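> okay, here's the prediction I keep looking at, along with the sequence it came from:
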Amino acid sequence: MMAQTSRPVSDSGLDDVALPFAVEPLDVRGRVVRLGPSVDAILTRHGYPAPVARLLGEAAALTVLLGSALKMEGRFQLQTRGDGPVDMLVVDFDAPDRLRAFARFDAERLDQARGGLSPAELLGSGHLAFTIEQGGDLSRYQGVVALTGQGLEEAAHEYFRQSEQIPTLVRLAVAESVTGGGSTWRAGGLMAQFLPEASPGRRQPDLPPGDAPEGTQIDETPEDDAWMEAKSLAATVEDHELVDPLLSSERLLYRLFHERGVKVFEPRLIKEACRCSDLRIRDMLRQFTAQERRDMIGDDGRIGVTCEFCSTHRAYDPLEFEAGA
Ligand SMILES: [Zn+2]
């Protein structure tokens with residue numbers, strides 16, 4: 001399912017990229033994600049308080065790590081619901097390359113905490129859901145994992161342990177660099193998965209897991225020497241390396257795995273883009289009853305709709321929906 005054209009390790013020097021890799025001697029496959037302008041556009045546009053921006057940046061990196069396994073079409077969504085000050089995160093990845101995200105939070109609770117909350121505390125208890133839509137007639141898959149006071153990294157580990165039974169390591173990092181003119185956000189992530197070729201009926205490395213035959217299972221052997229080694233190498237990655245704009249993804253992988261040899265595949269470029277449109281919103285408004293639409297009319301006599309993802313505001317004449325009704 002992954003591009004088979006392996007390339008020599010050389011610098012792509014690119015931001016907003018997902019780079020698949022393999023460490024074949026250790027039966028490891030994974031991806032590195034580096035988000036620059038895309039995640040900065042999302043976090044800056046919303047003007048989120050720094051702790052919320054950090055959390056959403058992590059969620060964006062995790063979403064691209066998982067979603068970029070989809071090929072040319074399909075949609076991957078990460079959503080959290082919890083009882084913490086950030087009660088909802090939504091991140092959409094539309095294959096092959098589009099990313100959008102928003103967070104909902106309680107400003108008062110956040111203020112009371114004076115920024116002293118960890119990402120796990122911001123989320124609180126609740127759940128994290130991954131939804132994959134393959135497009136066309138293909139099925140929709142949803143995996144859910146409980147949030148019980150852990151952060152997104154740990155929740156992702158839990159998900160792979162429970163739902164996929166693939167030994168997986170996920171690392172996420174977000175950084176804000178403050179300059180005279182304001183601040184710039186970056187996010188990065190690394191995912192490594194243990195997928196031994198020899199294991200019969202092994203699952204494909206890439207999402208979705210939904211198309212694995214019924215009853216397919218791999219024996220998880222967490223003590224496997226190869227995986228232990230891969231995990232300890234991958235775990236040495238530092239937060240600052242994941243978000244360093246001067247360190248390419250290729251060089252980062254080389255630092256981690258050069259002793260075993262690491263192969264990289266075609267990078268996937270990522271961009272920030274919303275999929276809202278006049279057409280979709282008009283369709284959505286038509287789904288409401290005439291009474292519901294009347295209740296939406298604002299003081300200016302129009303129905304205003306603001307996209308939660310990209311903050312685009314659009315206003316409609318209510319009469320256009322009543323014609324012929
Ligand atoms: Zn939008």
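Now that the structure is in, tell me what you want to look at.

> on the three-state scheme, the closest residue to the ion within the stretch 51-200 of the chain is what?
Residue nearest to the ion within the stretch 51-200 of the chain: residue 100 (6.8 Å; C-beta to the ion). Where you see a C-beta, it was placed from the backbone N, CA and C, and this is true even at glycine. Recorded secondary structure, residue 100: strand (DSSP: H, G, I helix; E, B strand; the rest coil).

> please apply the same query to the one 3 residues further on.
Recorded secondary structure, residue 103: strand (three-state DSSP).

> so what's it closest to, chain neighbours aside?
residue 56 (4.6 Å; C-beta to C-beta, 6 or more residues apart in numbering).

> surely that neighbour and residue 89 touch.
Yes. The pair residue 56 and residue 89 qualifies as a contact (C-beta atoms under 8 Å) at a distance of 5.9 Å.

> which neighbours do the two share?
Residues touching both residue 56 and residue 89 by C-beta atoms under 8 Å, 6 or more residues apart in numbering: 101-103.

> within range of the ion, give me the residues from the chain.
With C-beta under 5 Å from the ion as the criterion, the chain meets the ion at residues 274, 276, 307, 309-310.

> pipe the residues you listed into JSON lines and attach secondary structure and pLDDT per row.
Formatted as JSON lines, the residues of the chain next to the ion follow (DSSP: H, G, I helix; E, B strand; the rest coil; pLDDT from 0 to 100):
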{"residue": "274", "secondary structure": "coil", "pLDDT": "94"}
{"residue": "276", "secondary structure": "coil", "pLDDT": "93"}
{"residue": "307", "secondary structure": "coil", "pLDDT": "94"}
{"residue": "309", "secondary structure": "coil", "pLDDT": "95"}
{"residue": "310", "secondary structure": "coil", "pLDDT": "93"}
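
> of these - the most surrounded one?
The residue in those with the most neighbours, by other C-beta atoms under 10 Å, is residue 309 (21 neighbours).

> how close does that one get to residue 46?
Distance of residue 309 to residue 46, given as C-beta to C-beta, to the nearest Å: 9 Å.

> looking at this, residue 43 is in a helix?
Yes. Judged by three-state DSSP, residue 43 forms part of a helix.

> before we move on, back to that, off-centre distance for the host helix or strand of the residue nearest to residue 103?
Per DSSP states H and E, residue 56 falls inside helix 50-67. Chain-centre distance of helix 50-67: 6 Å, with C-alpha atoms, centre = their mean, to the nearest Å.
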